[in-house]
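Engineer: model this:
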Amino acid sequence: MSNTWGGIDGSISVSDQPVWVTDSDDGLELAHAITLGGASRWLPIVYVSANGRSSWQLSRNDIEGLAYDLGGIAHVFVEPNRAFSYKLRSITEGRNAYGGAMGLSMPGQGIIRRYHVGWDIQNSKDLKEILKLAAMSVRSQMPVLGWDWTDLQEQALRAQRERDRSRLSADDMAQLYDEEIANLQDKIRQLEIQVSSIGIISASDSEFSDDNLVQLIGPEFYSGEISDRIRLAMKLGLNVADQVGLDERSRVIFHKIIDKLPVSPALNELLLDLSRATKDSKRVASALVSLLARHGYFEKADNKHIRLEALKGFEGLEAITLPKTPSDGRGLKNLCKQVERTLGLTKLVD
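Structural biologist: Numbering: from 1, shown residues only. Here you go, the predicted structure:
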């Protein structure tokens, strides 16, 4: 595959190297096709979204290792930066993976699941392994329109044995049989890995996972919001544990949830975005409108102010009123804090 012998899948060359998407119109068009399922025909795609400029939840080495392990099984595409993610979100109506999340895209379906460090994935090492298993499992359930590498080896050995049956010695025939058995054992190991991964990557509706919670509760206005609010609820519960007579078992579980459930990277990104949007007094209104429009709000203009209201499905998000006239430095800081409080972000950070 490193010599471009992997073939073409739709418009994508099959490779064991990641594709670093360019920050351009062509790159945006490609990412749009990946998100909606129009980029490939035969193989799934792992889409690595950015949580900053040239930064991701996986290191470059891990991304390259993931692409190598998935060579011929799935494509790996890497987003260039967070600003690119915002543009992609606006043209895909929020269907893209963003905020550092990893999206698994199926041909003809688009992104079917997102993965990020959080409740059920504790660190980047686990994230990489679960992505690999998920891609392998999804690929195994797709129609097989040809031989994979193990099938090709098996058929080649059989053909060689039949062709050379009359002139091979017993030792040579035994060696061919041994090689064929080794290939079959390798295939069995791959199938065992895929079967064992089904429980990890295919949570039922009754199981606790970020995806299932989103389906039950409604959309998040940033990736990982629900788990962050569950974490906050555990902290508040422990703060009043003595007053309400909370039992010891619940206290232990609450502490473990707080310890094991990190604050989502997307929360820190959103706070940084709010800080940047309230730096320039001349652009603060337009910058905040643009930012909040990507996070579940739509604009309603009043006389001297701009009123932003939450879209349907984002129950509990209060309306935000922004001044149209420029503010001084102190006013900008107060405005930023006001928006953070309205969104309920202040207490979510450790």
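Engineer: looking at this, residue 271 is in a helix?
Structural biologist: Yes - with DSSP: H, G, I helix; E, B strand; the rest coil as the criterion, residue 271 is assigned to a helix.
Engineer: Where do the domain boundaries of the chain fall?
Structural biologist: Annotated domains of the chain cover 8-140, 149-201, 207-350 [automatic domain parsing].
Engineer: Mean neighbour count and mean pLDDT added to those, as CSV?
Structural biologist: All C-beta atoms are positioned from the backbone trio N, CA, C, and that covers glycine. Formatted as CSV, the domains of the chain follow (neighbours: other C-beta atoms under 10 Å; pLDDT from 0 to 100):
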stretch, mean neighbour count, mean pLDDT
domain 8-140, 19, 88
domain 149-201, 13, 66
domain 207-350, 15, 85
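Engineer: How far off centre is stretch 49-66?
Structural biologist: 11 Å (C-alpha atoms, centre = their mean, to the nearest Å).
Engineer: Residues contacting that stretch, please?
Structural biologist: For stretch 49-66, contacts defined as C-beta atoms under 8 Å, 6 or more residues apart in numbering pick out 17-18, 46, 48, 76, 78-85, 96-103, 116-117, 124, 127-128, 131-132, 265-266, 269.
Engineer: how far does stretch 34-52 sit from the chain's center?
Structural biologist: 10 Å.
Engineer: same question but for stretch 288-303, I mixed them up
Structural biologist: 25 Å.
Engineer: how about the helices of the chain, start to end?
Structural biologist: Applying DSSP state H to the chain gives helices spanning 25-36, 60-69, 82-92, 124-140, 149-163, 170-201, 210-217, 225-239, 241-244, 248-260, 265-277, 284-293, 329-343.
Engineer: Any chance of JSON lines for those helices, columns distance to residue 7?
Structural biologist: Output for those, formatted as JSON lines (distance: least, C-beta to C-beta, whole Å):
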{"stretch": "helix 25-36", "distance to residue 7": "19"}
{"stretch": "helix 60-69", "distance to residue 7": "16"}
{"stretch": "helix 82-92", "distance to residue 7": "27"}
{"stretch": "helix 124-140", "distance to residue 7": "15"}
{"stretch": "helix 149-163", "distance to residue 7": "12"}
{"stretch": "helix 170-201", "distance to residue 7": "20"}
{"stretch": "helix 210-217", "distance to residue 7": "32"}
{"stretch": "helix 225-239", "distance to residue 7": "40"}
{"stretch": "helix 241-244", "distance to residue 7": "60"}
{"stretch": "helix 248-260", "distance to residue 7": "43"}
{"stretch": "helix 265-277", "distance to residue 7": "36"}
{"stretch": "helix 284-293", "distance to residue 7": "41"}
{"stretch": "helix 329-343", "distance to residue 7": "48"}
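Engineer: what about those helices, which gets the closest to residue 12?
Structural biologist: Among those, helix 25-36 comes nearest to residue 12, with 8.8 Å by C-beta to C-beta.
Engineer: now the angle from the closest one to helix 82-92?
Structural biologist: Helix 25-36 runs at 60 degrees relative to helix 82-92, counting by axes from the mean of the first three to the mean of the last three C-alpha atoms, to 10 degrees.
Engineer: Could you list every helix and strand in contact with helix 25-36?
Structural biologist: If you count contacts as 3 or more C-beta pairs under 8 Å, 6 or more residues apart in numbering; DSSP states H and E, helix 25-36 packs onto strand 45-48, strand 75-78, helix 82-92, strand 102-106, strand 110-115.
Engineer: so which of these gets nearest residue 311?
Structural biologist: That would be, of the helices and strands packed on helix 25-36 and by C-beta to C-beta, helix 82-92, which comes in at 13.4 Å.
Engineer: what does the closest one contact?
Structural biologist: 21, 23, 27-28, 31-32, 35-36, 49-53, 79, 96, 98-99, 269, 294.
Engineer: swap the cut-off to 6 Å and go again
Structural biologist: Contact with helix 82-92 is made by 23, 28, 31, 32, 35, 49, 50, 52, 79, 96, 98, 294, as judged by C-beta atoms under 6 Å, 6 or more residues apart in numbering.
Engineer: same check, this time on stretch 251-260
Structural biologist: Residues contacting stretch 251-260 (C-beta under 6 Å, 6+ apart): 234, 237, 238, 241.
Engineer: so can I have TSV of those residues showing distance to residue 316?
Structural biologist: Listed next are these as TSV, based on distance: C-beta to C-beta, whole Å:
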residue	distance to residue 316
234	19
237	19
238	23
241	25
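Engineer: out of those, who's nearest residue 313?
Structural biologist: residue 234 (25.1 Å).
Engineer: ok, that closest one - contacts?
Structural biologist: Contacts of residue 234 by C-beta under 6 Å, 6+ apart are 254, 257, 258.
Engineer: Understood, closing this out.
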